[in-house]
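Engineer: Sequence and predicted model, in that order:
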Amino acid sequence: MTPQWNSVGEVMTHAVVAVGRGATFREILDALRQWKVSAVPVLAGDGRVVGVVSEADLLTTQDREPERAEAFTANQVMSEPAVTVHAQSPTAEAARAMARGHLKRLPVVDEEGFLVGIVSRGDLLKIHLRTDEDLAGQVRLELLAALHPTQAAAVEVRAEEGRITLAGTLPDTSTPAVLESLVRAVPGVVDVDVRAVAPA
């Protein structure tokens, strides 16, 4: 099935490195280096996300307390509350949260706050790296949802470098604008050219 990549859950990374509240400065630093990430979620004893420790948090601590930095734990240096997102949230919501907070990644949590994954800027950019075949496939699914199957079948969908062209016959004159708006909302679509015409 063609991936739609509309939700965070469809692009997030499921395997996540995290630390507990009691993790030491050195343990956090080692985790960042080992897993080649710039931040890790901090979990309470029951597994709920309570904060995030980033490279910036460690550097700030080191600058303020150069002699004592390594004595600090995750609980003392983490940013809290953690900015999180749900797996079912739209990818655009995650992107906005990252932009507002100048963040590179967000913990993904379930309804009770338990960690289920992590989504990074790179994960969100996947939607722009979709193949033309994937894009055309999702646009066809959107057309099937919006039009009668026989009407959708009369519209040819072509994709080239993220640009979608619709050609063929549409049911009425008001449909092209509606379809253009629908197709533009598909993640990864760069531009839309509706060449389909309404029947005389």
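Structural biologist: Looks like it came in fine. Numbering: from 1, shown residues only.
Engineer: Could you use CA atoms for every contact and neighbour count after this?
Structural biologist: Will do.
Engineer: how about stretch 158-177: buried residues?
Structural biologist: By neighbour count with 16 or more other Cα atoms under 10 Å, stretch 158-177 contains the buried residues 158-159, 162-171, 175-176.
Engineer: again, but for stretch 83-101
Structural biologist: Buried, per 16+ other Cα under 10 Å, within stretch 83-101: V83, T84, V85, H86, A87, P90, T91, A94, A95, A97, M98.
Engineer: Could you find the closest non-adjacent residue to P90?
Structural biologist: S7 (4.4 Å; Cα to Cα, 6 or more residues apart in numbering).
Engineer: In CSV: the buried residues of stretch 83-101, plus secondary structure and pLDDT.
Structural biologist: Shown next, in CSV, are the buried residues of stretch 83-101 (DSSP: H, G, I helix; E, B strand; the rest coil; pLDDT from 0 to 100):
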residue, secondary structure, pLDDT
V83, coil, 95
T84, coil, 96
V85, strand, 96
H86, strand, 96
A87, coil, 95
P90, strand, 88
T91, helix, 87
A94, helix, 91
A95, helix, 88
A97, helix, 91
M98, helix, 91
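Engineer: of those residues, closest to L135?
Structural biologist: Using Cα to Cα, T91 is the member of the buried residues of stretch 83-101 that sits closest to L135, with 16.2 Å.
Engineer: Pull out the buried residues from stretch 180-194.
Structural biologist: Buried-residue list, stretch 180-194, by 16+ other Cα under 10 Å: E180, V183, R184, V186, P187, G188, V189, V190, V192, V194.
Engineer: Of the residues you listed, which belong to strands?
Structural biologist: V192, V194 (DSSP state E).
Engineer: Filter the buried residues of stretch 180-194 down to the ones in helices?
Structural biologist: Secondary structure from DSSP state H places E180, V183, R184 of these in helices.
Engineer: Thought Q151 was touching L170, still the case?
Structural biologist: Yes: under the criterion of Cα atoms under 8 Å, L170 makes contact with Q151 at 6.6 Å.
Engineer: Please, where are all the strands along this protein?
Structural biologist: Using DSSP E, strands in the chain cover 19-20, 39-43, 49-54, 85-86, 105-109, 115-120, 155-160, 163-168, 191-194.
Engineer: Including distance to L143, could the ones you listed go into a markdown table?
Structural biologist: Shown next, in a markdown table, are these (distance: least, Cα to Cα, whole Å):
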| stretch | distance to L143 |
| --- | --- |
| strand 19-20 | 45 |
| strand 39-43 | 40 |
| strand 49-54 | 40 |
| strand 85-86 | 28 |
| strand 105-109 | 31 |
| strand 115-120 | 29 |
| strand 155-160 | 9 |
| strand 163-168 | 10 |
| strand 191-194 | 13 |
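Engineer: So for E70, which of those sits nearest?
Structural biologist: That would be, of the strands of the chain and by Cα to Cα, strand 49-54, which comes in at 14.1 Å.
Engineer: and that closest one, what other elements does it pack with?
Structural biologist: strand 39-43 (3 or more Cα pairs under 8 Å, 6 or more residues apart in numbering; DSSP states H and E).
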